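>>> this one's structure only:
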């Protein structure tokens, strides 16, 4: 207790600085990894940062409140209070851990006012005999600025405020009452009159700058140019985040561009655009990247440097050496954090988006010209490594850990594998306690989730399929029809209407589980020596396991289409476990288990035997697998892969936009890239206005 009373303030001040260092260095990892353990540690640090700073200010105030006389220690303690205010402002790399934090900006505003008041009280208790009043005031200014930046960033990223800022000027409709009065008057005068709609000319110009040849280097989009395009599309489509509707004028800006470029370049642009969305919602970027932001940030940095210089020049013999050392640590920490923030600011995508814009000042233009090659090299390090095998080089490992824009991997979840492993755990008391009393069964089930590196072949296939399907999307009705297909289009194109009942006659979640089990059965019971066939098989397997992962482990992303998906999944798993307990011996693998399923006689429909109380679709999927097995090998896997792309695109377009945005802070998901690509191709229910201009009604009087 004596040790705590003696060193508690010093401990909490250093703890607060340590947490700030952790956050500014590791917070960007949230968009690069979906590792639950890392995200949990960052969540603990995010919550602990405010707690440590608030508690530290309270300890300083309490220590001075009960002091009977002024001493020199009170001066240095008062000097530490603005440091804690500076820490409450948080690093630039994280303002909100989740979207819900932005909605609590009023709470942070109250916190700003209360903590500023607390810092003033602490300083006032040591005034006027405070030897450090000059650096204290300087740091107080810097701390107030930093906390104010955080509060404003939360306010701007609040989805309600964000939606209001996205709304355009209201478009007035023609004056119906006045027009009809004139029409009735002319009719009463027996004049031949009629109402005619005359479309106004399109006042929006096409974005011809997207055809610049200097954006392409050896057939590939230069990274700086990719950032510029991504920023342009972000400014056009940022309303997607809050479910605003669009006209086909916006689609005309992006659709020709994405239809022209290589799939790899398209993915690069999408990744950068999603990074802009992430930083707008979860960091201080919207506040800092403006002329006012630059000026305020410079004032804050200048105040910290002035405080350091002033403290360095003062006579510090009256203070304890340990306290002086802690103060220097805090000052160097503040300078170091600002330096890292400056580096992040200079080498950010936001800087790259403006680097090639013309400047009125020759000196700024010259600096940009010199800086552009260095920025291009830095952006090269952020490129996704398009390989089918994970590189083990030190440089690539460092890039993947520190500079990538998303996780670059897909989660995989296999129903057959899960049931084989869990068949003997049905009556496990430990698992029952975890599920029933702690609600941690999902965390326990994460051990059955694997990861697979995202490959170029998979993306090329998805991109080409969506590109082909978006060709006729020229009006809202067609766009909605394209995004509403979930496999039937692929079957109809292949002329295989016999399998439509597994798509159109069942709910989406039932269809997904049916096709997942059928894919598992065929993948493990058939082999192929043809390279093209092998690629299609791998695509089917990857998308099948990924979609089941979303349904089971990320139900919020599938809530709009899942229905009773979890109920159906658990019933199917229960039937599969019972079947494996009877038919599959210990040690037998997935290939043998799938072969045993295929051996079951399915001449009678399962619903005729089991009724509809159980929602299991295990043997319905067996029937589907047998029908698919009768198709030609080279056509079968291509058809199945096309069905899976449609199932993926259907889920992507029906997932709420804020759910996509929330997932950006957890490593990102492929389904979000598909959602954004569909929007750029002009397919989706957000397009509800035709590309024609605002029609104008006019009375035409005949002779």
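Noted; the coordinates are in hand. Bear in mind that the values here come from a model prediction, so they are computed numbers and not experimental data. Numbering: from 1, shown residues only.
>>> hang on, residue 330 packs against residue 18?
No: using C-beta atoms under 8 Å as the test, residue 330 is too far from residue 18 to be in contact (11.2 Å). For the C-beta atoms, the positions are set from N, CA and C on the backbone; glycine is no exception.
>>> neighbour count: the two, which is higher?
Counted by other C-beta atoms under 10 Å, residue 330 and residue 18 do not tie: residue 330 has more neighbours, with 24 against 15.
>>> where in the stretch 601-703 of the chain is pLDDT low?
688-697, 702-703 (pLDDT under 70).
>>> could you rerun that using 80?
607-613, 633-634, 684-703 (pLDDT under 80).
>>> what of the stretch 251-400 of the chain?
Using pLDDT under 80, the flagged stretches of the stretch 251-400 of the chain are 356-371, 383, 385-400.
>>> just the strands in it please.
For the stretch 251-400 of the chain, strands defined by DSSP state E, counting those that start in this stretch do not occur.
>>> where do the strands sit along the chain?
For the chain, the strands defined by DSSP state E cover 193-199, 216-217, 220-221, 246-247, 409-412, 450-453, 687-689, 695-701.
>>> what's stretch 666-675 in contact with?
By C-beta atoms under 8 Å, 6 or more residues apart in numbering, the surrounding residues in contact with stretch 666-675 are 30-35, 39, 267, 270-271, 274, 405-407, 410, 454, 462, 466, 546, 550, 554, 557, 648-649, 651-653, 655, 657, 660, 663-664, 684.
>>> ditto for stretch 234-247
Here stretch 234-247 has contacts from 159, 162-163, 166-167, 250, 253-254, 273, 276-277, 280-281, 656-658, 661, 676, 679-680, 686-691, using C-beta under 8 Å, 6+ apart.
>>> can you say which of these are buried?
If you count burial by 16 or more other C-beta atoms under 10 Å, the buried members of those come out as 159, 162, 250, 253-254, 273, 276-277, 280-281, 657, 661, 676, 679-680, 686-687, 689, 691.
>>> just the residues you listed: which are in helices?
159, 162, 250, 253-254, 273, 276-277, 280-281, 657, 661, 676, 679-680 (DSSP state H).
>>> quick one on the thing from earlier: please pick the buried ones from the contacts of stretch 666-675.
Looks like the contacts of stretch 666-675 have 30-34, 39, 267, 270-271, 274, 405-407, 410, 454, 462, 466, 546, 550, 554, 557, 648-649, 651-653, 655, 657, 660, 663-664, 684 buried, using 16+ other C-beta under 10 Å.
>>> let's see which of those end up in helices.
39, 267, 270-271, 274, 462, 466, 546, 550, 648-649, 651-653, 657, 660, 663.
>>> how about the helices in the stretch 151-300 of the chain?
159-166, 176-188, 223-237, 248-260, 263-282, 285-288, 291-313 (DSSP state H, counting those that start in this stretch).
>>> redo these as a markdown table? Include distance to residue 458.
As requested, the helices of the stretch 151-300 of the chain are exported to a markdown table (distance: least, C-beta to C-beta, whole Å):
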| stretch | distance to residue 458 |
| --- | --- |
| helix 159-166 | 32 |
| helix 176-188 | 53 |
| helix 223-237 | 20 |
| helix 248-260 | 18 |
| helix 263-282 | 10 |
| helix 285-288 | 31 |
| helix 291-313 | 40 |
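>>> mind checking the ones you listed for the one nearest to residue 603?
Across these, residue 603 has its closest neighbour in helix 263-282 (44.7 Å, C-beta to C-beta).
>>> can you give me the angle the closest one makes with helix 223-237?
60 degrees (axes from the mean of the first three to the mean of the last three C-alpha atoms, to 10 degrees).
>>> relative to helix 159-166, how tilted is helix 263-282?
Going by the same axes, to 10 degrees, helix 263-282 makes 120 degrees with helix 159-166.
>>> how is this structure partitioned into domains?
2-165+285-346, 176-203+694-701, 208-282+348-380, 409-655 (automatic domain parsing).
>>> want to throw those into a markdown table with distance to residue 670?
Converted to a markdown table, those look like this (distance: least, C-beta to C-beta, whole Å):
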| stretch | distance to residue 670 |
| --- | --- |
| domain 2-165+285-346 | 11 |
| domain 176-203+694-701 | 35 |
| domain 208-282+348-380 | 10 |
| domain 409-655 | 6 |
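>>> number of residues surrounding residue 103?
That count, for residue 103 with other C-beta under 10 Å as the rule, works out to 16.
>>> residues touching the residue nearest to it when sequence neighbours are not counted, list them.
Of all residues not flanking residue 103 in the chain, residue 158 sits nearest, at 5.6 Å (C-beta to C-beta, 6 or more residues apart in numbering). By C-beta under 8 Å, 6+ apart, residue 158 lies in contact with 102-103, 105.
>>> at which residues are the helices of the stretch 501-650 of the chain located?
508-525, 531-553, 559-562, 565-583, 590-598, 606-610, 618-629, 633-654.
>>> and of the ones you listed, who's closest to residue 315?
helix 531-553 (61.7 Å).
>>> helices and strands around that closest one, which ones?
Helix 531-553 sits against strand 409-412, helix 441-445, helix 456-469, helix 508-525, helix 565-583, helix 633-654, with contacts defined as 3 or more C-beta pairs under 8 Å, 6 or more residues apart in numbering; DSSP states H and E.
>>> quick one: the ones you listed as CSV, columns for distance to residue 93 too.
Formatted as CSV, the helices and strands packed on helix 531-553 follow (distance: least, C-beta to C-beta, whole Å):
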stretch, distance to residue 93
strand 409-412, 22
helix 441-445, 27
helix 456-469, 28
helix 508-525, 37
helix 565-583, 35
helix 633-654, 28
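>>> mind checking which of the ones you listed is nearest residue 371?
The nearest among those, by C-beta to C-beta, is helix 456-469 at 30.9 Å.
>>> tilt between the closest one and helix 248-260?
130 degrees.
>>> name the residues that touch helix 456-469?
Helix 456-469 has contacts (C-beta under 8 Å, 6+ apart) with 258-259, 263-264, 266-267, 386-388, 482, 485, 489, 535, 538-539, 542-543, 641-642, 645-646, 648-649, 674, 677-678, 681, 683.
>>> what about residue 505, distance to residue 620?
Distance, residue 505 to residue 620, by C-beta to C-beta, to the nearest Å: 11 Å.
>>> the more surrounded of these two?
Neighbour totals were compared for residue 505 and residue 620, and residue 620 leads with 21 against 9 (other C-beta under 10 Å).
>>> show me the contacts for that one.
502, 514, 605-607.
>>> how about those residues in JSON lines, adding distance to residue 572 and neighbour count?
Listed next are these as JSON lines, based on distance: C-beta to C-beta, whole Å; neighbours: other C-beta atoms under 10 Å:
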{"residue": "502", "distance to residue 572": "15", "neighbour count": "24"}
{"residue": "514", "distance to residue 572": "9", "neighbour count": "23"}
{"residue": "605", "distance to residue 572": "16", "neighbour count": "11"}
{"residue": "606", "distance to residue 572": "11", "neighbour count": "19"}
{"residue": "607", "distance to residue 572": "14", "neighbour count": "12"}
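>>> how about the helices in the stretch 301-450 of the chain?
321-346, 349-354, 362-380, 394-402, 415-422, 429-433, 441-445.
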